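Student: sequence first, predicted coordinates after that:
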Amino acid sequence: LYPGLVLLPILAMVFFGKQFTSEEPLPDSAVLFVLYFLALLIISPLTSARTSDHFRAAWLFHTNPVSRPGALAYGQLMAVVAQFFLPLGLLVYTLILFAAGWSVLDDILLSLPLVGVVAAIFQFSDRNLPFSLEQKSGGFSTLGSMLLIGLVGSVAGFAHYGLTFIPYGVAGGTVLAWIICLVTLRALRSRVA
């Protein structure tokens, strides 16, 4: 898990390393790619938290059924955000602001809720409870969820790129994205089945 999380800051430095020695502006497409690649900072730990060496201990979930598994999924998502996304995300956002300037702040504010929506959709699509699956080498138990997240993340990234060509499109998209994110997280939290 941790070696994979180090990839993102290294990737950001590769993308933006030339910017520190060059006078040319950073392309918007490079900034948006890194911003939406940040979704992996959330998805990777969520996927890893489904498995355990002691997966048989998950019998507790089956003998005492959880009436609102959405609350568990929401709590797991918030723990991953606090433990993995915030520290590395702040580092990457700082690098992006340093390399591209304050003009990308609106892009960052738009990508944040969209990454949250992508993570919530992953939690909706993968119904397994935390630590309830056996660790398998090379298992494909979450392949469908990962493909869905790749599709949703790509659509969000291309929509964001399209909004950059519309006057005040990014600002309007930011407000709409935050509303969608909050509604999605609330729906995840209150999910019953």
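Tutor: Ah, there it is.
Student: if I look at the residue of the chain positioned farthest from its centre, how far off is Thr51?
Tutor: Ranked by distance from the centre of the chain (C-alpha atoms, centre = their mean), the top residue is Thr63, with 32.0 Å. Distance of Thr63 to Thr51, given as C-beta to C-beta, to the nearest Å: 20 Å. The way it works is simple: take the backbone N, C-alpha and C, and place the C-beta from them, glycine included.
Student: Leu163 contacts Val170, doesn't it?
Tutor: Yes. Shown here, Leu163 and Val170 form a contact pair, counting by C-beta atoms under 8 Å, at 5.0 Å.
Student: neighbour count: the two, which is higher?
Tutor: For Leu163 and Val170, the more surrounded residue by other C-beta atoms under 10 Å is Leu163, and the numbers stand at 20 against 17.
Student: contacting residues for the residue nearest the centre of the chain?
Tutor: Using C-alpha atoms, centre = their mean, the residue of the chain that lies closest to the mean C-alpha position is Ala39, 2.7 Å off. Listed by C-beta atoms under 8 Å, 6 or more residues apart in numbering, the contact set of Ala39 reads Val115, Val118, Ala119, Ile149, Gly153.
Student: tell me the pLDDT at it?
Tutor: Ala39 carries a pLDDT value of 78.
Student: quick one: it from Val192, how far?
Tutor: Counting by C-beta to C-beta, the gap from Ala39 to Val192 is 26 Å.
Student: now do Phe85
Tutor: Taken as C-beta to C-beta, the span from Phe85 to Val192 is 27 Å.
Student: and if you look at Trp178?
Tutor: 25 Å.
Student: swap in Val66?
Tutor: 10 Å.
Student: the two: which has the busier surroundings?
Tutor: When neighbours are counted by other C-beta under 10 Å, Val66 and Val192 differ, and Val66 comes out ahead with 13 against 9.
Student: so that one touches Pro130, yeah?
Tutor: No. At 10.7 Å, Val66 and Pro130 do not qualify as touching, with contact defined as C-beta under 8 Å.
Student: what touches both of these two?
Tutor: Leu72.
Student: circling back: joint contacts of Leu163 and Val170?
Tutor: What both Leu163 and Val170 touch, as defined by C-beta under 8 Å, 6+ apart, is the set Leu110.
Student: lovely, talk soon.
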